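In: Got a predicted structure here, sequence first:
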Amino acid sequence: MPDSPEGLPEDFEVYPSSRDAAIEFTVALSSLKKVLKPADAKTHARPGEAYDDFIIRLALNATNNNAVLYRKNDSAEETKIQAWLSLINEKSKFTLLSRMMPGFQGLSIQQLREIALLSLKPDSITSLVDILADSYGVLLVVEPGFKSMKMDGCTFKLSQGTPVVGIALRYNRYDNFWFTLMHELAHIYMHYDYLDNPILDDLEEDNDSDREVEANIIAKDSLVSRQYWRMAWNVRADRKQLLDVCSRAEVHPSIMAGMIRHQSRNYKLYPELHHSMDVKSAFGFAND
């Protein structure tokens, strides 16, 4: 858009730009109305925004950014994911316009570990948005997913090259938040050149693609070294020893407990550590 204000992303539009886009907008509007109800608008709309206006905004965002966000699928689940991605994309662009950020220079393994160490201070979780933006050139957008949406997070890059991480807070747990964040950052570290199209992550899905296996390994290694992971696994039945390993490994006990629960498929372990933090409330969202 040649008359866009300075700094406005080139692919930011308000109305469908062509007849084809108008048709896609109509189709998207119909799909969104079928899947998203007024209760969804209450959770995700702007203050004072009516249900119809909310749905129109999502349809406009989705169709105007279909090259970045859309996977063609008419299922209700896919429509929810597209709507959520639309919100992540919109919020990331407005955030980019409202703050000064350094250009993205890539991420290193050492930087991933630096970021992971921030998990030791749960009370500072909301500062991650500023830290990732100011120190690493990465936009973090936390936006709860729609009800029953099977998605944990995503990553993609804006037209300027700024990488975006979206977190859906699918489970209101500290360990889930941090593993999802590190998994998406691992994608940026390894797969930045491929982020013109979004990587969408349902971490409960058994995905054995090389890309997802690599991201899981990097995320896990960033949170706890392999040496300390082996030690924690060996003493997993002894809470006192496990907490001692967590202290030495510099990993939050809730995160270690979550990883052991997942690895062992024993979700009855460590109930006292499992819900260690109300992450939604920390980010200002109502806990459904």
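Out: That came in fine, so what should we check first? Residues are numbered from 1 along each chain as shown.
In: now residue 218: how far from residue 183?
Out: 8 Å (CB to CB, to the nearest Å). C-betas here are computed from N, CA, C, even on glycine.
In: out of the two, which sits in the busier spot?
Out: Set residue 218 next to residue 183 and count neighbours by other CB atoms under 10 Å: residue 183 wins out with 24 against 19.
In: Which helix or strand contains the nearest residue to the more buried one once chain neighbours are set aside?
Out: Using CB to CB, 6 or more residues apart in numbering and skipping the chain neighbours, the partner closest in space to residue 183 is residue 219 (4.3 Å). Following DSSP states H and E, one finds residue 219 within helix 210-223.
In: quick one: buried residues of that helix?
Out: 212, 215-216, 218-223 (16 or more other CB atoms under 10 Å).
In: Just the residues contacting it, thanks.
Out: Here helix 210-223 makes contact (CB atoms under 8 Å, 6 or more residues apart in numbering) with 109, 112-113, 115-116, 119, 178-179, 182-187, 189-191, 199, 201, 207, 229, 251, 255, 259.
In: and whichever helix or strand comes after it, how far out from the chain's middle?
Out: Going down the chain from helix 210-223, the next helix or strand is helix 226-234, by DSSP H and E. The chain centre lies 27 Å from the centre of helix 226-234; the measure is CA atoms, centre = their mean, to the nearest Å.
In: With only the CA atoms kept, save helix 226-234 in CSV.
Out: Coordinates of each C-alpha in helix 226-234 appear next as CSV, following Å, rounded to 0.1, in the frame of the first residue of the first chain:
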residue,chain,number,x,y,z
ARG,A,226,20.8,-34.0,29.3
GLN,A,227,23.0,-34.8,32.3
TYR,A,228,20.6,-33.4,34.8
TRP,A,229,17.6,-34.9,33.0
ARG,A,230,19.1,-38.4,33.4
MET,A,231,19.6,-37.6,37.1
ALA,A,232,16.1,-36.4,37.5
TRP,A,233,14.6,-39.4,35.7
ASN,A,234,16.6,-41.8,37.9
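In: Could you give the separation of stretch 255-275 from the chain centroid?
Out: 21 Å.
In: got it, and stretch 54-62?
Out: 20 Å.
In: I'd like the numbering to begin with 27 instead of 1 from here.
Out: Renumbered: residue one is now 27, and that last one reads stretch 80-88.
In: Going along the chain, name the strands of the stretch 127-276 of the chain.
Out: 165-168, 179-183, 189-193, 225-227 (DSSP state E, counting those that start in this stretch).
In: could I get these as JSON lines with mean neighbour count and distance to residue 88?
Out: Below are the strands of the stretch 127-276 of the chain laid out as JSON lines (neighbours: other CB atoms under 10 Å; distance: least, CB to CB, whole Å):
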{"stretch": "strand 165-168", "mean neighbour count": "22", "distance to residue 88": "16"}
{"stretch": "strand 179-183", "mean neighbour count": "25", "distance to residue 88": "14"}
{"stretch": "strand 189-193", "mean neighbour count": "25", "distance to residue 88": "14"}
{"stretch": "strand 225-227", "mean neighbour count": "20", "distance to residue 88": "14"}
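In: how about those strands in TSV, adding mean pLDDT and distance to residue 268?
Out: Formatted as TSV, those follow (pLDDT from 0 to 100; distance: least, CB to CB, whole Å):
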stretch	mean pLDDT	distance to residue 268
strand 165-168	98	29
strand 179-183	96	27
strand 189-193	98	27
strand 225-227	94	27
